[in-house]
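[1] pasting the sequence and the predicted coordinates here, then a few questions.
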Amino acid sequence: MATLTPEARFPTGAEQLVIRVATGAGFLPVEQNLTLTPEFSLYRNGQVIQTGLVIVIYPMPALPNPQTTVISGDAM
């Protein structure tokens, strides 16, 4: 049985990944799976990268719209 510790242990390097949220489909070709990007990534230095809004037109934009912001250590 696993025991829980009261404190969280974050990576020590400034550019190390703390948490990433990504979803993917199960029955896609490998080529299409490689084009999917994570919805949310938080790095130890406070940098947050998340997917931004995409306009609904045809054809869709070729590149994703990543949004980057920096949060404080207290917000992590």
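    Received it, and whenever you're ready, just let me know what you need. Numbering: from 1, shown residues only.

[2] start to end distance for stretch 35-46?
    25 Å (CA to CA, to the nearest Å).

[3] what sits up against it?
    Stretch 35-46 has contacts (CB atoms under 8 Å, 6 or more residues apart in numbering) with 10-24, 48-51, 64, 66, 70-73, 75-76. Glycine gets a C-beta too; all of them are placed from N, C-alpha and C.

[4] in it, which residues are buried?
    Neighbour-count burial for stretch 35-46, with 16 or more other CB atoms under 10 Å as criterion, is recorded at S41, L42, Y43, R44, G46.

[5] what about that stretch, distance to the chain center?
    2 Å (CA atoms, centre = their mean, to the nearest Å).

[6] same thing with stretch 50-57?
    With CA atoms, centre = their mean, you get 15 Å for stretch 50-57.

[7] end-to-end on it?
    21 Å.

[8] immediately after the lowest-mean-pLDDT helix or strand in the chain, which helix or strand?
    In the chain, the helix or strand scored least confidently by mean pLDDT, DSSP states H and E is helix 30-33, which has a mean of 77. Sequence-wise, the next helix or strand downstream of helix 30-33 (DSSP states H and E) is strand 40-43.

[9] name the strands paired with that following strand and say parallel or antiparallel.
    strand 17-21 (antiparallel), strand 47-51 (antiparallel) (DSSP bridges).

[10] redo these as CSV? Include distance to L36 and mean pLDDT.
    Below are those laid out as CSV (distance: least, CB to CB, whole Å; pLDDT from 0 to 100):
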stretch, distance to L36, mean pLDDT
strand 17-21, 12, 91
strand 47-51, 10, 94
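
[11] in a markdown table, list those along with mean neighbour count.
    Below are these laid out as a markdown table (neighbours: other CB atoms under 10 Å):
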| stretch | mean neighbour count |
| --- | --- |
| strand 17-21 | 12 |
| strand 47-51 | 16 |
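
[12] and these as TSV, adding distance to I57?
    Converted to TSV, the strands paired with strand 40-43 look like this (distance: least, CB to CB, whole Å):
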stretch	distance to I57
strand 17-21	26
strand 47-51	17
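
[13] nearest to P59, out of the ones you listed?
    Checking those against P59 by CB to CB gives strand 47-51 as the closest, at 18.4 Å.
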